[in-house]
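Visitor: following is a predicted model, sequence given first.
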Amino acid sequence: MRILMAHNFYQQFGGEDQVFLDESELLERQGHSVWRYTLHNDRIKTAQPLAIAGQTIWNHQVYQEIRSLIGQHQIQVAHFHNTFPLISPAAYYAAKAAGAIVIQTFHNYRLLCPNALFLRDGQLCESCLGKFLPLPGVQHGCYRNSKGASAAVAAMLATHRLAQTWTRQVDRYIALTEFARQKFISGGIPPEKIVVKPNFVTPDPGLGAGSGGLRAVCGAIGGREGG
């Protein structure tokens, strides 16, 4: 297949970034043609806050670039890992308009919680779960400890809920666990759109020598505050 892999890298390299790299390489090893579209959050350091807030909701340049890339190479599937904040949900619309199937992996809870983690002050917090406008996250400055930055995230979420972006523009979501899948269903994502595909380790390390040869890796959905 002809696949676009798209990802907004964080300022500090982390798990989501590694998964994007590993999945892209795995697809290529399996014989698929892969194009990569990436942006990096280092741009935020020199950009105007209002410009970043606007791009978080809709990045016109990204829309044009992705639509052109998909059309030029006749890409069949566009798989997004992280679109926040620079790629923006405009990328889904671009991919759809160009005729590609749109897939989004849930690496964190950004669609349901401004800080993406369901944590506040070190405690579990689901105050924004199911809310059209996540005002508690703004009131508490949950994203980067800033009410202004949190308001920008909340505006993005509310805008695209109103536009039904999450239900109409994405064909399939990938959750890392069944627990995460149920959270997104509680947050309004149609259950038939969400499949579970855990992360993987490459290359395969094989079985360990201890505990009768049984090796287990425990993991959970995670993320950062846009780092």
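Guide: That came through, no problem.

Visitor: what about the helices in the protein?
Guide: 15-29, 49-57, 60-73, 90-97, 135-139, 147-162, 165-168, 178-186 (DSSP state H).

Visitor: what helices or strands is the first one leaning on?
Guide: Translated: helix 15-29. With contacts taken as 3 or more C-beta pairs under 8 Å, 6 or more residues apart in numbering; DSSP states H and E, helix 15-29 sits against strand 2-9, strand 33-40. Where C-beta positions appear, they are placed from N, C-alpha and C, glycine not excepted.

Visitor: same check on the fifth one?
Guide: Packing partners of helix 135-139 (3+ C-beta pairs under 8 Å, 6+ apart): helix 147-162.

Visitor: please enumerate residues in contact with the helix it packs on?
Guide: Contacts to helix 147-162, defined as C-beta atoms under 8 Å, 6 or more residues apart in numbering, come from residues 49, 52-53, 56-57, 84-85, 88-89, 110-111, 114-115, 132-135, 137-144, 166, 188.

Visitor: what mean pLDDT does that helix get?
Guide: Taken as a whole, helix 147-162 has an average pLDDT of 96.

Visitor: buried residues of that helix, list them for me.
Guide: 147, 149-158, 160-161 (16 or more other C-beta atoms under 10 Å).

Visitor: follow-up on the earlier one: which among the contacts of helix 147-162 end up buried?
Guide: Buried among these by 16+ other C-beta under 10 Å: 52-53, 56-57, 84-85, 88-89, 110-111, 114-115, 134-135, 137-138, 140-144, 166.

Visitor: which residue lies nearest the spatial centre of this protein?
Guide: N82 (3.3 Å; C-alpha atoms, centre = their mean).

Visitor: surely that residue and H7 touch.
Guide: Yes - using C-beta atoms under 8 Å, N82 is in contact with H7, at 5.4 Å.

Visitor: identify the contacts common to these two.
Guide: E16, F20.

Visitor: residue contacts, the residue nearest to the centre of the chain?
Guide: N82 neighbours (C-beta under 8 Å, 6+ apart): H7, N8, F9, Y10, E16, F20, H107.

Visitor: thinking K193 is in contact with I174, fair?
Guide: No - taking C-beta under 8 Å as the definition, K193 is not a contact partner of I174, at 10.1 Å.

Visitor: any weak-confidence spans in the chain?
Guide: For the chain, residues meeting the criterion pLDDT under 70 lie at 208-227.

Visitor: that older thread, between which two of the contacts of N82 is the distance greatest?
Guide: F9 and H107 (12.3 Å; C-beta to C-beta).

Visitor: looking at the two, which one has more neighbours?
Guide: Applying other C-beta atoms under 10 Å to F9 and H107 shows that H107 carries more neighbours, namely 25 against 20.

Visitor: how about the nearest residue to the more buried one, chain neighbours excluded?
Guide: Nearest non-adjacent residue to H107, counting by C-beta to C-beta, 6 or more residues apart in numbering: E16, 4.4 Å away.

Visitor: wait, the one you found sits on N8?
Guide: No - counting by C-beta under 8 Å, N8 is not a contact partner of E16; they are 9.1 Å apart.

Visitor: quick one on the thing from earlier: quick check: the gap between the residue nearest to the centre of the chain and K147.
Guide: 23 Å (C-beta to C-beta, to the nearest Å).

Visitor: same thing with I194?
Guide: From I194 to K147 the distance is 31 Å (C-beta to C-beta).
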